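**Q** predicted model and sequence below, questions to follow.
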Amino acid sequence: MELQLKAWEVPLRVSAGAFILNSGLAKLSANDAAAAKQTHGFAAGAYPALRRLDPRLFVGALSAGEIALGTALLVPVVPPALVGAGLTAFAGALLGLYLRTPGLRQEGSLRPTDQGIPIAKDVWLLAIGLAFVVDDVRDRVRGKT
């Protein structure tokens, strides 16, 4: 299988990959129980099944996932459709936090409050992931892959 990286993919992979990798490395080096509990509590508020996990275990797994995804984006041997699917899932989970957490959106609206802007802005990650997936589907329909 020959992997051909398209020029338009490079800035998207580098920007998203560096951002996510940095986030994962920061979580890995932050060995603070209070920070782990806060991150875990925020996620568990939106996704109740996470309440069963130990906060440090959760943050460790989140960190590992971010490091893996960030690295996959930065290393051009991972096919764009695969890395796009991973990025779409990750960004979808972040936007799920935004939609499910009270106080992040204006009442009756999708518009963010000041507290919601840091999460709502992650919609760019969803757009990048979807761009990789849609481009691959389009290429397959056209018989290029």
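**A** Nice, thanks for sending it over.
**Q** what's the local residue count around F19?
**A** Neighbour count for F19, taken as other Cβ atoms under 10 Å: 16. Yep, even glycine has a C-beta here, placed from its N, CA and C like the rest.
**Q** so what's it closest to, chain neighbours aside?
**A** Distances taken as Cβ to Cβ, 6 or more residues apart in numbering put G70 closest to F19, at 7.5 Å, once the chain neighbours are dropped.
**Q** pLDDT of the host helix or strand of that neighbour, averaged?
**A** Remark: G70 resides in helix 55-74, with elements defined by DSSP states H and E. Average pLDDT, helix 55-74: 97.
**Q** which elements pack onto the worst-scoring helix or strand of the chain on mean pLDDT?
**A** Least confident element among the helices and strands of the chain, by mean pLDDT, DSSP states H and E: helix 117-120 (a mean of 92). Counting contacts by 3 or more Cβ pairs under 8 Å, 6 or more residues apart in numbering; DSSP states H and E, helix 117-120 packs against helix 80-100.
**Q** can I get the helix it packs on in PDB, CA atoms only?
**A** Output of helix 80-100 as PDB, limited to C-alpha atoms (Å, rounded to 0.1, in the frame of the first residue of the first chain):
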ATOM      1  CA  PRO A  80      -5.500  10.200   6.400                       C
ATOM      2  CA  ALA A  81      -8.800   8.400   6.600                       C
ATOM      3  CA  LEU A  82      -7.700   6.400   9.700                       C
ATOM      4  CA  VAL A  83      -6.300   9.400  11.500                       C
ATOM      5  CA  GLY A  84      -9.300  11.500  10.400                       C
ATOM      6  CA  ALA A  85     -11.700   8.900  11.900                       C
ATOM      7  CA  GLY A  86      -9.700   9.100  15.200                       C
ATOM      8  CA  LEU A  87      -9.700  12.800  15.200                       C
ATOM      9  CA  THR A  88     -13.400  13.000  14.400                       C
ATOM     10  CA  ALA A  89     -14.200  10.700  17.300                       C
ATOM     11  CA  PHE A  90     -11.900  12.700  19.700                       C
ATOM     12  CA  ALA A  91     -13.400  16.000  18.600                       C
ATOM     13  CA  GLY A  92     -16.900  14.600  18.800                       C
ATOM     14  CA  ALA A  93     -16.200  13.700  22.500                       C
ATOM     15  CA  LEU A  94     -14.900  17.200  23.200                       C
ATOM     16  CA  LEU A  95     -18.000  18.700  21.600                       C
ATOM     17  CA  GLY A  96     -20.100  16.300  23.600                       C
ATOM     18  CA  LEU A  97     -18.600  17.900  26.700                       C
ATOM     19  CA  TYR A  98     -19.600  21.300  25.400                       C
ATOM     20  CA  LEU A  99     -23.200  20.300  24.700                       C
ATOM     21  CA  ARG A 100     -23.700  18.300  27.900                       C
END
